[in-house]
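Novice: fold the following, please.
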Amino acid sequence: MGALGAIVALLVVLFLVVGVYATVKVVRAAKRGVDRTISEARRTVEDTTLRAKSFAQVGTAGELAQLRLKLRTSMRSTQDVLQAGAVEDASLKESLGLFDRLSAHGHELDEELRRLERDPDKATVAERLPELKERTEHITQAADSLRWVARDRASRFADDDLNSLRTQIDMEAGALRHWATEPPPAQAPAAWPEPAAEPAAGGEQTWSEPSSAAQPAQEPARPAITPPTPAPTYPWEKKAKPESTT
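Specialist: The predicted structure follows:
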């Protein structure tokens, strides 16, 4: 009984541990989903605000909003293309590593532009605008270069696959049209007609005898050996006496 109780207690503890682990995994997954949803919602709101500022505001504030919007759009588009392409093309993983390094500079520039939007010294901000534009241009050009390389690579693979598919289809179509070059198949000889049936007394089918005109005249059968001719007898010849049996 003691061993059975220990086994039951061990099973209960094991079930509790598994339950706690599964609960933690579910909670973490739900938390990641909520965080992702909040991040996407915050990003959408911020992009919409920047787009509105770039059109509504003029001067330094409007230019800063345009720089941030351009930077964020380029970096996000490149990230989506590289992450999607790296799943099918392992060669893009190195490009994705380069983009991660570029993203660090992009986030640093975006934070700096965000702080300058709230800076009250507009004159100093205006003086720094050329340098900020140059940095933004460098980062966005690098991101665009990575994005277009990934797209060109995917397009090239698609074209190669399409060309290979077209070649296979042409070969299959040629094979299916083999009758245009092969000689026609030999025809089977015609079947012999069935013999004509003639009415018979018993209602059975009989073969007609060939006509005598069609067959050569048969000669009478000759014996293979000529039978012996009896010798002639004369009256002066004595009859042969039978031999004595004694």
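
Novice: going by C-alpha atoms from here, please, whenever you check contacts or count neighbours.
Specialist: Will do.

Novice: so where's the protein uncertain?
Specialist: Scanning the chain for pLDDT under 70 picks out 1-2, 31-36, 39-40, 42-43, 47, 56, 157, 178-246.

Novice: next, the buried residues of stretch 136-152.
Specialist: 136, 139-140, 142-144, 146-147, 150-151 (16 or more other C-alpha atoms under 10 Å).

Novice: same question for stretch 66-73.
Specialist: 66-72.

Novice: for residue 75, give its distance to residue 22.
Specialist: Per C-alpha to C-alpha, to the nearest Å, residue 75 is found 36 Å from residue 22.

Novice: counting neighbours, go ahead and name the busier of the two.
Specialist: With neighbours defined as other C-alpha atoms under 10 Å, residue 75 and residue 22 compare such that residue 75 has more, 21 against 12.

Novice: pretty sure that one is touching residue 103, no?
Specialist: Yes - counting by C-alpha atoms under 8 Å, residue 75 does reach residue 103; the two are 7.3 Å apart.

Novice: leaving out sequence neighbours, find the closest residue to residue 106.
Specialist: residue 139 (6.7 Å; C-alpha to C-alpha, 6 or more residues apart in numbering).

Novice: so who does that neighbour touch?
Specialist: Residue 139 sits next to 71, 102, 105-106 when contact means C-alpha atoms under 8 Å, 6 or more residues apart in numbering.

Novice: sort out for me which of those residues are in helices.
Specialist: 71, 102, 105-106 (DSSP state H).

Novice: contacts for stretch 121-131?
Specialist: Taking C-alpha under 8 Å, 6+ apart as the rule, stretch 121-131 contacts 60, 64, 116, 119.

Novice: what about the helices in this protein?
Specialist: Counting by DSSP H, the helices of the chain are 2-56, 60-88, 92-117, 122-176.

Novice: most packed of these?
Specialist: Highest mean neighbour count among these (mean count of other C-alpha atoms under 10 Å): helix 60-88, with a mean of 18.

Novice: helices or strands up against it?
Specialist: Counting contacts by 3 or more C-alpha pairs under 8 Å, 6 or more residues apart in numbering; DSSP states H and E, helix 60-88 packs against helix 2-56, helix 92-117, helix 122-176.

Novice: ok and the second one relative to helix 60-88, angle-wise?
Specialist: When axes from the mean of the first three to the mean of the last three C-alpha atoms, to 10 degrees is applied, the directions of helix 92-117 and helix 60-88 differ by 160 degrees.

Novice: between helix 122-176 and helix 92-117, find me the angle.
Specialist: 150 degrees.

Novice: what packs against helix 92-117?
Specialist: Where contact means 3+ C-alpha pairs under 8 Å, 6+ apart, helix 92-117 is packed against helix 60-88, helix 122-176.

Novice: tell me the angle of the first one relative to helix 2-56?
Specialist: Relative orientation of helix 60-88 with respect to helix 2-56: 140 degrees, computed using the same axes, to 10 degrees.

Novice: and the gap between the residue nearest to residue 106 and residue 87?
Specialist: The gap separating residue 139 from residue 87 is 25 Å, by C-alpha to C-alpha.
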